[in-house]
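1. Sequence and predicted structure, then a few things I'm wondering about:
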Amino acid sequence: QVQLVESGGGLVQAGGSLRLSCAASGRTFSRYTMGWFRQAPGKEREFVAAINWSGGSTFYADSVKGRFTISRDNAKNMVYLQMNSLKPEDTAVYYCAARGPFKAWGPTGMSAYDYWGQGTQVTVSS
């Protein structure tokens, strides 16, 4: 079992940056694919980015490609989302999620993930 706690959200102006962190409990963190999702008011939760268990593979939604970077530190049980060039449309609650252990790399839908954090609010002002 994995427990996830996000942090690092806040209010930022358009064009600014934020770094989200996700702290994971459990001794098997390094076996999990990790993902970030977001949900804006009135919209469905959507995939943002994912990183495989070793950190060697990443995948991004087209809307954030080139602006966001996902990374992980297995020694610290942490996953990060560096968000640059933020836009008002990036405003949402951001969720960390875990898929695993050692499940196939590729699926990006919510149903592919087994554990979720409580979310952290990101607000981008214009």
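-> Perfect, I can see it now. Numbering: from 1, shown residues only.
2. check which helix or strand covers Arg27.
-> Using DSSP states H and E, Arg27 sits in no helix or strand.
3. separation between it and Gln1?
-> 11 Å (C-beta to C-beta, to the nearest Å). Quick note: C-beta positions are derived from backbone N, CA and C, even for glycine.
4. Same question for Phe37.
-> 20 Å.
5. With Thr108 instead?
-> In terms of C-beta to C-beta, Thr108 sits 23 Å off from Gln1.
6. Tell me which of these two has more neighbours.
-> Thr108 (17 against 8; other C-beta atoms under 10 Å).
7. mind checking pLDDT for that one?
-> For Thr108, the pLDDT comes out at 84.
8. Excluding residues flanking it in the chain, which one is nearest it?
-> Phe47 (4.4 Å; C-beta to C-beta, 6 or more residues apart in numbering).
9. Now for the one you found: which residues touch it?
-> If you count contacts by C-beta atoms under 8 Å, 6 or more residues apart in numbering, Phe47 has them with Gly35, Phe37, Ala61, Thr108, Gly109, Met110.
10. Recalculate using a threshold of 10 Å.
-> Counting by C-beta atoms under 10 Å, 6 or more residues apart in numbering, Phe47 touches 35-38, 59-61, 63-64, 97, 107-110, 112-113.
11. just Gly100 next, same as before
-> 2, 28-34, 52-53, 113-115.
12. same thing with Lys76?
-> Lys76 neighbours (C-beta under 10 Å, 6+ apart): Ser21, Ala23, Ala24, Phe29.
13. Looking at strand pairing, list the partners for the first one.
-> With DSSP bridges as the criterion, the beta-bridge partners of Ser21 are Ser7, Tyr80.
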